[in-house]
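[1] quick one, what's the 3D model for this:
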Amino acid sequence: MSLIKDIIVALKGFGMGAANVIPGVSGGTIALLTGIFGRIIECLNSLMEIETWKLILKGQWKEFWKKVDGRFLVALFIGVVASIFSLARLMEYVLNYYPVQTWAFFFGMIAASGVVMLMGIKGWKAVDVLWAVLGLVLGVLICTLSPTTTPDDLWFIAIIGAIAICTMILPGVSGSFILLIFGKYEYIMNAVNEMNIPVLIALVIGCGVGILAFSKFLHWLLARFERQTMLVLLGFVIGSLVRVWPWSDPSAIIKAQLLQQGAEKEAAREAVAALVESGQNLEPLITDVHYLGAVLFAFVGIAVVGALEYFGNKKEA
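    Residues are numbered from 1 along each chain as shown. Just a heads-up that it's a prediction; the model follows:
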């Protein structure tokens, strides 16, 4: 029976991992829907208590394992990791070959997530609008001012990992959404697929430090300023849509055209890089803007978020 429970927890972790691979779906939302959100918070809080670590110094390993709900954490971790490694290759493929449709799918999911967050906030006041506008301005500024290419240094990967992991306990925002904003989504997906060990170690260290350092703060923030926090997040999510506009990167569309015509990945990348360096206007080179496909996939993204919200409300009822 315990093994079956572990498998169920691992499957829930798989769902959380899948959510955090796809910008627009929050791992925290999946945790809420599957009924493990509170348990995760309790585990993280236990890990931040000095008394918990004193148990190790006293040699009370069983008590420590029980206090941090170790079996649950291990099963959850296995599910999350399995999901990330199994879906990363799919994400890399669709981003290379179908960038417009993929970003449209993400756009639909993020827009729908913003609507869901908006519907969850009742009794609007003037000050609420100000908090939301603050988040909107922050979202637009970060997405427009952050460079298209950011450092590949391990210290930067660790910092991004620390920021991204914190969103796992914030329903409404996904970890991959943060990677996307800072221009590291595709880079991390490639690192997972290619088993780039130094990058993955830096990411894991950043995630570990981030979740331990900020989990209590985020828990405190949501406990005391939940409304203001969610209003800022709402504005931030809406403002960030400028980053995932499906046609914002003509070079990715042209690269996809070359790949679909049979070009090797490296050759396609070099050809596009040469065009960019030459300063040529790339938009006239796009042979198909995929408007219909973008609209269809945007609606699919909206439908996915709508379904999650529907089943979440049904579960609460």
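
[2] helix or strand: which one has the nearest residue to H290 once chain neighbours are set aside?
    Spatial nearest neighbour of H290, chain neighbours left out: V100 (4.2 Å); criterion: Cβ to Cβ, 6 or more residues apart in numbering. Yep, even glycine has a C-beta here, placed from its N, CA and C like the rest. Assigned by DSSP states H and E, V100 belongs to helix 99-119.

[3] how about L212?
    Counting by DSSP H and E, L212 is part of helix 197-239.

[4] remind me what the helix holding V100 packs against, helices and strands.
    Packing contacts for helix 99-119, counted by 3 or more Cβ pairs under 8 Å, 6 or more residues apart in numbering; DSSP states H and E, involve helix 70-97, helix 197-239, helix 250-260, helix 291-316.

[5] mind listing what's buried along it?
    For helix 99-119, a neighbour-count test (16 or more other Cβ atoms under 10 Å) marks 99-118 as buried.

[6] how about stretch 190-198?
    The neighbour-count check on stretch 190-198 (16+ other Cβ under 10 Å) flags N190, A191, V192, N196 as buried.

[7] tabulate the residues you listed (JSON lines), appending secondary structure.
    Formatted as JSON lines, the entries for those read as follows, by DSSP: H, G, I helix; E, B strand; the rest coil:
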{"residue": "N190", "secondary structure": "helix"}
{"residue": "A191", "secondary structure": "helix"}
{"residue": "V192", "secondary structure": "helix"}
{"residue": "N196", "secondary structure": "coil"}
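
[8] one step back: so how far is T150 from the residue nearest to H290?
    Between V100 and T150 the distance is 23 Å, computed by Cβ to Cβ, to the nearest Å.

[9] for this structure, list the residue farthest from the centre, please.
    In the chain, counting by Cα atoms, centre = their mean, K58 sits farthest out from the average C-alpha position, at 38.4 Å.

[10] quick revisit: now the angle from the helix holding V100 to helix 197-239?
    Put simply, helix 99-119 runs at 60 degrees to helix 197-239, going by axes from the mean of the first three to the mean of the last three Cα atoms, to 10 degrees.

[11] after helix 99-119, next one along is what?
    Using DSSP H and E, the helix or strand that follows helix 99-119 in sequence is helix 126-145.

[12] any idea which element L275 lies in?
    helix 265-278.

[13] go through that helix and flag the buried ones.
    The neighbour-count check on helix 265-278 (16+ other Cβ under 10 Å) flags A268, R269, V272, L275 as buried.

[14] run the angle between that helix and helix 250-260 for me.
    Per the same axes, to 10 degrees, the angle that helix 265-278 makes with helix 250-260 is 150 degrees.

[15] just checking, what packs against helix 265-278?
    If you count contacts as 3+ Cβ pairs under 8 Å, 6+ apart, helix 265-278 packs onto helix 250-260.

[16] right, and S83 touches G13 too?
    Yes. Counting by Cβ atoms under 8 Å, S83 does reach G13; the two are 7.1 Å apart.

[17] who touches both of the two?
    Taking Cβ atoms under 8 Å, 6 or more residues apart in numbering as the contact rule, S83 and G13 touch no residue in common.

[18] what separation do you get for I41 and E264?
    In this view, I41 and E264 are 47 Å apart by Cβ to Cβ.

[19] neighbour-wise, which of these two wins?
    Applying other Cβ atoms under 10 Å to I41 and E264 shows that I41 carries more neighbours, namely 18 against 10.
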